[in-house]
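J.: structure here, sequence nowhere to be found:
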């Protein structure tokens, strides 16, 4: 299996990368709609929205749909190894379902936290501006171990374990409005971070 990668090259600093995504494999008893097809679709559509609006950030925006998260994290490990000489400035992951977003969990330096909190203010209209300490995810963990700041999309997780790794994790559980808010949260956070001077 392979990771799936798509990107919009940066206009001024194409060698600096904001990477975001989810994992394409799922637990074998369900379809993996929440874990983690929804995260993949949110990231993919975030990039698609940015492109359709004709926006081009200063830095490269890269979506990665990582493979093999459920069985050993090989996609994440292979990506980090293959791209270790590239300059990732931020990594974002969605792997908690695509319910109503509430904000992001952050791991990294205080100087970056200050920037992330400033960007998060743009998410106030959709009630997704909360930034908490401690965030990331399995797919971006190898990048974070290399010192890349990490964000994990946080959502209202009250229903997540109704579906997680069960037969019930099917596409009919996705709420289009909540999914679109996840797309918006990822698009705004990734684009603004990539476009800062």
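T.: Ah, there it is. Computed from a predicted structure; not experimentally measured.

J.: list the buried residues of the strand or helix carrying residue 113.
T.: Counting by DSSP states H and E, the element that carries residue 113 is helix 110-120. By neighbour count on 16 or more other CB atoms under 10 Å, the buried set for helix 110-120 is 112, 115-116, 119-120. Bear in mind the C-beta positions are built from the backbone N, C-alpha and C, glycine included.

J.: TSV for those, including pLDDT?
T.: Shown next, in TSV, are these (pLDDT from 0 to 100):
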residue	pLDDT
112	97
115	97
116	98
119	98
120	98
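
J.: can I get these in TSV with distance to residue 161?
T.: Shown next, in TSV, are the buried residues of helix 110-120 (distance: CB to CB, whole Å):
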residue	distance to residue 161
112	31
115	33
116	27
119	30
120	26
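
J.: just the closest of those to residue 56, please.
T.: residue 119 (17.9 Å; CB to CB).

J.: which stretches in the chain count as strands?
T.: For the chain, the strands defined by DSSP state E cover 4-8, 13-23, 59-66, 87-93, 101-107, 130-133, 150-155.

J.: of all those strands, which one is nearest residue 185?
T.: Closest to residue 185 of these, according to CB to CB: strand 101-107, at 4.4 Å.

J.: that closest one vs strand 150-155, what angle?
T.: 160 degrees (axes from the mean of the first three to the mean of the last three CA atoms, to 10 degrees).

J.: tell me which strands strand 101-107 pairs with, and in which orientation.
T.: strand 130-133 (parallel), strand 150-155 (antiparallel) (DSSP bridges).

J.: of those, which is nearest residue 36?
T.: strand 150-155 (10.9 Å).

J.: what's next to that closest one, contact-wise?
T.: For strand 150-155, the external contacting residues (CB atoms under 8 Å, 6 or more residues apart in numbering) are 39, 42, 90-108, 116, 130, 132, 135-137, 140-141, 143-144, 178, 182, 185-186, 189.

J.: among these, name the buried ones.
T.: 39, 42, 90-108, 116, 135-137, 140-141, 143-144, 178, 182, 185-186, 189.

J.: next, the distance between the ends of stretch 118-137.
T.: 22 Å (CA to CA, to the nearest Å).

J.: apart from its neighbours in sequence, what residue is nearest the residue sitting nearest the centre point of the chain?
T.: Closest to where the C-alpha atoms of the chain average out (CA atoms, centre = their mean) is residue 93, at 2.9 Å. Among residues not flanking residue 93 along the chain, residue 137 sits closest, at 3.5 Å (CB to CB, 6 or more residues apart in numbering).

J.: please report how far the one you found lies from residue 66.
T.: Computed with CB to CB, to the nearest Å, the distance linking residue 137 and residue 66 is 10 Å.

J.: can you check residue 47 too?
T.: Per CB to CB, residue 47 is found 15 Å from residue 66.

J.: and those two? Which one has more around it.
T.: Neighbours of residue 47 and residue 66, each counted by other CB atoms under 10 Å, are more numerous for residue 66; the result is 31 against 22.
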